[in-house]
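**Student:** fold the following and give me the result.
(one chain, ligands or ions: 1)
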Amino acid sequence: MSYESWFNDFADKHKVILDKLIKNNLSKDEIIDYFDFDNMVKEENDFCPLYKDNKKCHDIKELNCYLCACPNFRFNDAGIKTYNDKKILSECEINNGAKFAGDGVVHQDCSSCTVPHHKAYVRKNFDLDWKNVMTECNLNL
Ligand code: SF4
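**Tutor:** Prediction:
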């Protein structure tokens, strides 16, 4: 699946949940709390493929899923730039995490970074529309 399809599908899934929570008059803090990993596994099991195994993407006690993927993630399915003859398809705007190389391409590896999963970060960057927070991510446009 391309980054762009994942991004658009995920935005749609996020919006369906948000529409429901807004209709139920949840406050900003209640919405953020709703996106806590434990609650999401219970209430929105299809939101993330890891939920069905009750598995966290990062081993932290309080994992919040509101800003998955991450506002600092940048991608372009055609390549952001090239480095040593490899096409860089994704990277981190603040140079966290790591990289991994595939067949002629390089991807951003966020597995060691928990930045977007902390509630304080979500509160600071909160917007009811996920796409507004992620506006810089998609360099395909
Ligand atoms: S490395 Fe961390 S801050 Fe950077 S894009 Fe990945 S999750 Fe976001």
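**Student:** ok, and the closest non-adjacent residue to Leu18?
**Tutor:** Leaving out its chain neighbours, the residue that sits closest to Leu18 by CB to CB, 6 or more residues apart in numbering is Leu128, at 6.0 Å. Heads up, the C-betas are built off the backbone N, CA and C, glycines and all.
**Student:** so where does that neighbour fall, helix or strand?
**Tutor:** Take DSSP states H and E as the rule and Leu128 turns out to sit in neither a helix nor a strand.
**Student:** give me the contacts around stretch 55-72.
**Tutor:** Contact with stretch 55-72 is made by 7, 10, 31-32, 35-37, 40, 47-48, 50, 92-94, 96, 110-111, 113-119, 121-122, 125-126, 130, 133-134, 136-137, as judged by CB atoms under 8 Å, 6 or more residues apart in numbering.
**Student:** that stretch: end-to-end distance?
**Tutor:** Length of stretch 55-72, first residue to last, CA to CA, to the nearest Å: 23 Å.
**Student:** how about it and the ligand, any contact?
**Tutor:** Yes: Stretch 55-72 is in contact with the ligand by CB under 6 Å from any ligand atom, via 70, 72.
**Student:** re earlier: of the contacts of stretch 55-72, select the buried ones using a ChimeraX command.
**Tutor:** In ChimeraX syntax, the buried subset of the contacts of stretch 55-72 is picked out as below (16 or more other CB atoms under 10 Å):
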select :7,10,31,32,35,36,37,40,47,48,92,110,113,114,115,116,117,119,121,122,125,130,133,134,137
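**Student:** narrow the contacts of stretch 55-72 to those in strands?
**Tutor:** The strands, defined by DSSP state E, take in Cys92 from the contacts of stretch 55-72.
**Student:** filtering the contacts of stretch 55-72 by proximity to the ligand, which remain?
**Tutor:** 92, 94, 96, 110, 113, 115-116.
**Student:** list the helices and strands the top helix by length along the chain packs on?
**Tutor:** Assignment by DSSP state H gives helix 3-23 as the longest helix of the chain. Using 3 or more CB pairs under 8 Å, 6 or more residues apart in numbering; DSSP states H and E, the elements in contact with helix 3-23 are helix 28-34, strand 73-75, helix 130-133.
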